[in-house]
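Q: Please work out how this folds:
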Amino acid sequence: MFFLVVILFSLLLSCGGEEPVDSELRGLIKKHGLKPIEKPETDPDKVALGRMLFFDKVIGGNKDISCATCHDPRFGTGDCLPLSVGTKGSGECLERRPGVGRPFIPRNAPEIFNRGHEDWRTMFWDARVEELKGRLSTPAEDLLPDGIEDVLAAQALFPPTSRDEMRGRAGDVASDGTQNELAQIGDNDFPAIWSGIMNRLLSIPEYRDLFRTAYGDRTYTIADYANAIAEFEKEAFTLTDSPWDRYLKGDDDVLSYEAKVGALLFYGKAKCYTCHSGTLFTDQKFHNIGVPQFGPGKDGNGLDYGRFNVTGREEDKFKFRTPPLRNVAVTSPYFHNGAYRDLRKAILHHTNPEFYLRNYDPIENGLPPELASTLKNDEATITEILSTLDIEPVQLTSQEVDYLVAFLNSLTSPQVYELEKVIPDRVPSGLPVLK
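A: Prediction:
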């Protein structure tokens, strides 16, 4: 009888106690201060205005591209492409191609999940929009309008000013047959570009009503436009129910054993956490991990020097801001130029950057022929890339990589498969929505 009691007591302990893997993982969670994503409070009237602005192509100089063209809710808030296609392009997802004589955009369109989180202080791959000690640093410098509420709103100001992305070229005719007046403005005259956008919007009665509902009866500025778009993004794309978030809230059973082991590797042997840190899985710092160079580049020679283009410091060449990893499984392709379409291959690149840089196959990794032909894999370019490399190789078994993939899959919110519901049936301009 005594032995039966001991056995029953042991079984009760094993059922009610924590598994060793959970105990170790929860210790790491505490050590790294990891917290579940929480949704910020939003203003429904500003969200309603921002939703229309996000999907309305009237913002683009040629009235053929909106924020949602490159940040499509149906495609993980991206556009499926290694490098984005701007104004005068056609098609969507993998079928989208540049217009005649138009280039690819030099960089991949990043996902825009959870950008309303209080920890965010940088935007864009090179963080050219950044919050520093409570002040916003942007390409507009002193021309940044008053009233911008946060770094996410500041980001919304700049894609419409880019000729290749949204504004178009002087002499362009818009999709409705009108002259593109925004393209006539000088590249650095940000106030005139923003004023032109507001003139377009406020010439539409429905937008006047939406602005009035959101902000009251007063004069409206480009800051109101930017703040509304940011408000919509916070509401629509803050996703809080990934298996990882539920685990952080105390549900031990929501993660598979493989995902838990992958998390231990992530915060241990694989050292992923050294860059992909915190609740957002990014240190928001800049690193060169030896990503191959292709596409139009940013310097006129087909190269993209990343953070160097902002700071001018040699040591920042080829360094890009660490991307966040929430919902990473649905935000392919990966890296600043979409070099890898497969998540496992993106992980493997981190294990031996020089090897994968030298042996990169553009076709195998999903680049269309017109981009594959621009690969810069000559020795001089490779040597220059490696000169500022700041990631150490790490040896992982194939099974360990599988575990990491399982963990990264646990960062996906089921809500990503329901985001089509945020797409409006129509927009105030009457222009097509996502077509």
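Q: Which residue ranges of this structure form strands?
A: Applying DSSP state E to the chain gives strands spanning 122-123, 129-132, 135-137, 286-287, 320-321.
Q: From the rest of the structure, what touches the fourth one?
A: Around strand 286-287, the neighbours that count as contacts under C-beta atoms under 8 Å, 6 or more residues apart in numbering are D126, A127, C275, G306, R307, D316, K319, F320, R321, T322, D390, I391. (C-beta placed from N, C-alpha, C; glycine too.)
Q: Take the strands of the chain and write them to a markdown table, including mean pLDDT and mean neighbour count.
A: A markdown table is the format used below for the strands of the chain (pLDDT from 0 to 100; neighbours: other C-beta atoms under 10 Å):
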| stretch | mean pLDDT | mean neighbour count |
| --- | --- | --- |
| strand 122-123 | 98 | 24 |
| strand 129-132 | 96 | 18 |
| strand 135-137 | 97 | 15 |
| strand 286-287 | 98 | 21 |
| strand 320-321 | 98 | 24 |
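Q: would JSON lines of those with distance to F266 be doable?
A: Output for these, formatted as JSON lines (distance: least, C-beta to C-beta, whole Å):
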{"stretch": "strand 122-123", "distance to F266": "22"}
{"stretch": "strand 129-132", "distance to F266": "27"}
{"stretch": "strand 135-137", "distance to F266": "31"}
{"stretch": "strand 286-287", "distance to F266": "16"}
{"stretch": "strand 320-321", "distance to F266": "19"}
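Q: Among those strands, which comes closest to P98?
A: Closest approach to P98 among the strands of the chain (C-beta to C-beta): strand 320-321, 22.7 Å.
Q: Domain parsing of the chain, as residue ranges.
A: 44-239, 248-414 (automatic domain parsing).
Q: can you give me the helices in the stretch 151-300 of the chain?
A: Here the stretch 151-300 of the chain has its helices, by DSSP state H, counting those that start in this stretch, at 151-155, 190-202, 205-215, 222-237, 243-248, 257-266.
Q: For P145, which of those helices is the nearest?
A: P145 sits nearest to helix 222-237 of all those, at 4.8 Å, using C-beta to C-beta.
Q: Only the C-alpha atoms, please, for that closest one, written as CSV.
A: What follows is helix 222-237, C-alpha atoms only, in CSV (Å, rounded to 0.1, in the frame of the first residue of the first chain):
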residue,chain,number,x,y,z
ILE,A,222,0.0,66.2,-43.9
ALA,A,223,0.6,65.4,-40.2
ASP,A,224,-3.1,64.5,-39.9
TYR,A,225,-2.7,62.2,-43.0
ALA,A,226,0.4,60.5,-41.5
ASN,A,227,-1.1,60.0,-38.0
ALA,A,228,-4.2,58.5,-39.5
ILE,A,229,-2.3,56.0,-41.5
ALA,A,230,-0.3,55.0,-38.5
GLU,A,231,-3.4,54.6,-36.4
PHE,A,232,-4.9,52.3,-39.0
GLU,A,233,-1.7,50.2,-39.1
LYS,A,234,-1.7,49.9,-35.3
GLU,A,235,-5.3,48.6,-35.3
ALA,A,236,-5.1,46.3,-38.3
PHE,A,237,-1.6,44.8,-38.1
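Q: what's the spacing between it and its chain's center?
A: 16 Å (C-alpha atoms, centre = their mean, to the nearest Å).
Q: Report the rounded mean pLDDT for that helix.
A: The average pLDDT for helix 222-237 rounds to 98.
Q: you'd agree P82 is up against L367?
A: Yes. Using C-beta atoms under 8 Å, P82 makes contact with L367 at a distance of 5.7 Å.
Q: Now the common contact residues for the two.
A: Common contacts of P82 and L367 (C-beta under 8 Å, 6+ apart): A339.
Q: Which among the helices of the stretch 151-300 of the chain is found nearest to P139?
A: Between the helices of the stretch 151-300 of the chain, helix 190-202 lies closest to P139; by C-beta to C-beta that is 7.9 Å.
Q: any chance of the domains of the chain in a markdown table, with distance to V21 too?
A: Formatted as a markdown table, the domains of the chain follow (distance: least, C-beta to C-beta, whole Å):
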| stretch | distance to V21 |
| --- | --- |
| domain 44-239 | 26 |
| domain 248-414 | 5 |
